[in-house]
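**Student:** Curious how this folds, go ahead:
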Amino acid sequence: MNTEEIRGDYPILKTGVIYLDNTASTLTPTQVTNAVTEYYHSYRANIHRGIYRLSQEASDRYDQSRETVASLINARPEELIFNRNTTEGINQIALALELKRGDRILTTVTEHHSNLLPWISQKKKGVELDYVFPDSEGRLDPQDFKEKISEKTRLIAVTHISNVLGNINPVKEIGEICREKNILYLIDGAQAVPHTPVDVKKINCDFYAFSGHKMLAPTGIGALYVREARLEELIPPYKGGGIVTDVSLEDYTLSSYPTSWEAGTPNISGAIGLSEAVKYLRKIGFDRIQRHETKLTKQLLEGLGEMGNIRVYGAHDARDRACIVSFTLENMDSNDMAGILDAREQICVRSGSHCAMPLFKNILKEKESVRASAYTYNTTEEIDKLLSVLRDYSH
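**Tutor:** Predicted coordinates for the structure are as follows:
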């Protein structure tokens, strides 16, 4: 992989910034911004509503974008719903399931708030919530899920890759348990789809949600995979224009899916941008992306491991995790450290609890951490600069 050539696609990197906050949001290459601009400059119109040429072209591009994004995760276009982000996708399923008193949801303590709050909020209906706890390195054991399942367990919800620990979770093995027990299975794929090949059929999940802004696309666009059999069982949670074939004063008839799940005018330019980002990533190749990120992860873990006052969280082996590395420094506030890195070398890292407070409270026993996360355009030299600044505060 030619990292220097790739870096030329990101004008912001020419300013000298070292961007290591890719878990929160990635940068956007000119190929994606050009595709979005082309929509606004050349065929700006609403979709699936007009018979004039601009509307037809916009509709075709939007539908083609769905095909491209769906193929990335080995889904059929009919199984892929465009929305705003992973958070909305998970909430869409929580609403569509119409959970009732006595139903049980099984999830983990390592989840992002977006895969916790939609389920915690169901407790007011009498829905019960149970948690699987990880081991000391944050790893999840599929057997723990099996032991927690009861006759009332309706759904298992788990993240594919932890946004704090970087651990790659055993989603396929958990999927096998769900199929064996006939339990619905939802995956938060926000941190996985940008970095590793994902096949929803092999994982055997019912629902898989991910976000465009974490994979080089614009903000405000995401996707939700729903297994076709589940689409036939669930009622779309949002109602409005564009999702019906007939309406009377008494009732309405929904259109076919996935259109019936996309009420109102969608983020047309965002979908086109996400499609272009998928093409961009495929051109690089996920095998190359993984090798590059594993090299950076190993470099970062080894460098941090040499510093006596730094504690690193997650799996110790770079092959078992994505390039998401959270750490704390003794006697140093994480926000202060993030500010120092920015002031000295324009290094952008995240500090705080990373929308995973239960993980910090129950497992890490810390209030917050610094998190560095790399992507295709990051270099070994940038990791060296990060480590160099940190060494000045180590002992």
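
**Student:** middle-most residue in this protein, spatially?
**Tutor:** Residue closest to the mean C-alpha point of the chain, counted by Cα atoms, centre = their mean, is A190 at 0.7 Å.

**Student:** Where does pLDDT dip in the protein?
**Tutor:** Residue ranges of the chain with pLDDT under 70: 395.

**Student:** just the helices in it please.
**Tutor:** Counting by DSSP state H, one finds helices in the chain at the ranges 3-7, 30-42, 53-72, 86-96, 117-120, 142-148, 171-181, 200-203, 228-233, 268-284, 286-305, 334-345, 357-359, 380-391.

**Student:** So which other helices or strands are in contact with the second one?
**Tutor:** Right, helix 30-42. helix 268-284 (3 or more Cβ pairs under 8 Å, 6 or more residues apart in numbering; DSSP states H and E). C-beta: built from backbone N, CA, C; applies to glycine.

**Student:** Then the fifth one?
**Tutor:** Based on contacts counted as 3+ Cβ pairs under 8 Å, 6+ apart, the elements that helix 117-120 packs against are helix 86-96.

**Student:** quick one on the thing from earlier: now the residue nearest to the centre of the chain: closest residue in space that isn't a chain neighbour?
**Tutor:** T86 (4.2 Å; Cβ to Cβ, 6 or more residues apart in numbering).

**Student:** Count the neighbours of the one you found for me.
**Tutor:** T86 has 28 neighbouring residues, counting by other Cβ atoms under 10 Å.

**Student:** how much space between it and I187?
**Tutor:** T86 is 10 Å from I187, where distance means Cβ to Cβ, to the nearest Å.

**Student:** anything in contact with each of those two?
**Tutor:** The contact sets of T86 and I187 overlap at A209 (Cβ atoms under 8 Å, 6 or more residues apart in numbering).

**Student:** returning to that earlier point: and the residue nearest to the centre of the chain, what is it in contact with?
**Tutor:** 85-86, 112, 114, 159, 163, 209-211, 214.

**Student:** Show only the entries of those residues found in strands.
**Tutor:** 159, 209-211 (DSSP state E).

**Student:** which one of those is nearest M357?
**Tutor:** Lowest distance from M357 to these (Cβ to Cβ) belongs to T159, with 14.8 Å.

**Student:** ok, the closest one to T33 distance?
**Tutor:** Distance of T159 to T33, given as Cβ to Cβ: 29 Å.

**Student:** domains of the protein?
**Tutor:** 3-20+285-391, 32-282 (automatic domain parsing).

**Student:** Those domains into CSV, with extra columns for distance to T26?
**Tutor:** Below are the domains of the chain laid out as CSV (distance: least, Cβ to Cβ, whole Å):
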stretch, distance to T26
domain 3-20+285-391, 6
domain 32-282, 5
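
**Student:** Please spell out the ChimeraX selection for the buried subset of the contacts of A190.
**Tutor:** To isolate the buried subset of the contacts of A190 in ChimeraX, counting by 16 or more other Cβ atoms under 10 Å, use the following:
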select :85,86,112,114,159,163,209,210,211,214
